[in-house]
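**Student:** Sequence isn't available, so here's the structure alone:
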C-alpha cells in the first residue's frame, strides 16, 4: 500500500474513534455559532455532510407539504442565496430539526463499512473523509434546534418562560439523580412543552433560515 504522510494518516483513522468525532462535532457547533467565516471553510472541506443535512431538511419539508423558497441577496455585503422554509407549528420544526440524523447515521455507518472493507489506502482515505464529513456537518446542530425554540416563541410567546425553567429543572435533577437521568428528565420536559404548544392551534407561520452563511 502507498505511504500516506502525517496528518493524512491520522485523519484517516479518526473515523474509528467515536469520542474524537463527538468532540470535533461539538467544536464545529461552537464555531458555527461564533465564527461564521471559519464555519463556511469547514463546510467547504466537509461538504458531503453539509449538503446531506440541508438536502434532508428540504426533502422532509416537501413531504410535509411545504416547498422551500430560495431568495437571492444583493447589496453592499457579500451576495448569495438563502433558503427559507415556513414552519407551520413547533411539531414541524421539531421534525425538521432532527431529520438530518435519519440520513446522517446510515451514511456514517456505510462510510465506516467502506472504510473497513477497502484495501487501497486512498480508498480508505476517501471513505474516512466521508465518514468524518457526515458525522461532523451532517448531524443536527444548535441552529437546527433553534427552529424549535423560534417556532415555540412565535406561536406562543408565553411558553418560552416554560422553556427557561428547563435550566432550573436540570439543576434540581442533577442534585437528585445522575446526569443521564437528569438529561432524560429535562428532554422529557421540553418535549412536553412542545406537545402542549402543538395542542394550541395557531395559524401563524414563520420563515426560518435553513442555509445560513
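**Tutor:** Looks like it came in fine. Keep in mind that this is a model prediction, so the values were computed, not measured.

**Student:** those helices in the chain, which residues are they?
**Tutor:** Here the chain has its helices, by DSSP state H, at 8-13, 18-34, 36-45, 47-63, 90-117, 121-137, 142-155, 159-176, 179-199.

**Student:** gap between the last one and the chain center?
**Tutor:** Translated: helix 179-199. Computed by Cα atoms, centre = their mean, to the nearest Å, the separation of helix 179-199 from the middle of its chain amounts to 19 Å.

**Student:** Also the second one?
**Tutor:** In terms of Cα atoms, centre = their mean, the gap separating the centre of helix 18-34 from the centre of its chain is 11 Å.

**Student:** Quick check: which helices or strands does that helix pack against?
**Tutor:** Packing partners of helix 18-34 (3 or more Cβ pairs under 8 Å, 6 or more residues apart in numbering; DSSP states H and E): helix 36-45, helix 121-137, helix 142-155. All C-beta atoms are positioned from the backbone trio N, CA, C, and that covers glycine.

**Student:** what's the angle from the shortest one to helix 142-155?
**Tutor:** Angle of helix 36-45 versus helix 142-155, following axes from the mean of the first three to the mean of the last three Cα atoms, to 10 degrees, is 120 degrees.

**Student:** now helix 36-45 and helix 121-137, what's the angle there?
**Tutor:** Using the same axes, to 10 degrees: helix 36-45 against helix 121-137 is 140 degrees.

**Student:** quick one: the closest residue to residue 149 other than its chain neighbours from residue 189, how far?
**Tutor:** Nearest-residue entry for residue 149: residue 163, 6.8 Å, with adjacent residues in sequence omitted and distances by Cβ to Cβ, 6 or more residues apart in numbering. Going from residue 163 to residue 189 by Cβ to Cβ, to the nearest Å gives 9 Å.

**Student:** mind listing what's buried in stretch 63-73?
**Tutor:** For stretch 63-73, a neighbour-count test (16 or more other Cβ atoms under 10 Å) marks 66, 68 as buried.

**Student:** Residue 144 touches residue 95, doesn't it?
**Tutor:** No: between residue 144 and residue 95 there is no contact under Cβ atoms under 8 Å: 10.9 Å.

**Student:** who's more crowded, the two?
**Tutor:** More crowded of residue 144 and residue 95, by other Cβ atoms under 10 Å: residue 144, with 22 against 18.

**Student:** quick one: contacts for the closest residue to the more buried one other than its chain neighbours?
**Tutor:** Closest residue to residue 144 apart from its sequence neighbours, by Cβ to Cβ, 6+ apart: residue 97 at 4.4 Å. Going by Cβ atoms under 8 Å, 6 or more residues apart in numbering, residue 97 touches 140, 144, 145, 147, 148.

**Student:** Let me have those residues in JSON lines, adding distance to residue 120 and pLDDT as columns.
**Tutor:** Below are these laid out as JSON lines (distance: Cβ to Cβ, whole Å; pLDDT from 0 to 100):
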{"residue": "140", "distance to residue 120": "33", "pLDDT": "86"}
{"residue": "144", "distance to residue 120": "36", "pLDDT": "79"}
{"residue": "145", "distance to residue 120": "39", "pLDDT": "76"}
{"residue": "147", "distance to residue 120": "41", "pLDDT": "76"}
{"residue": "148", "distance to residue 120": "43", "pLDDT": "74"}
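
**Student:** now those in CSV, with distance to residue 69?
**Tutor:** As requested, these are arranged in CSV below (distance: Cβ to Cβ, whole Å):
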residue, distance to residue 69
140, 22
144, 19
145, 22
147, 16
148, 21
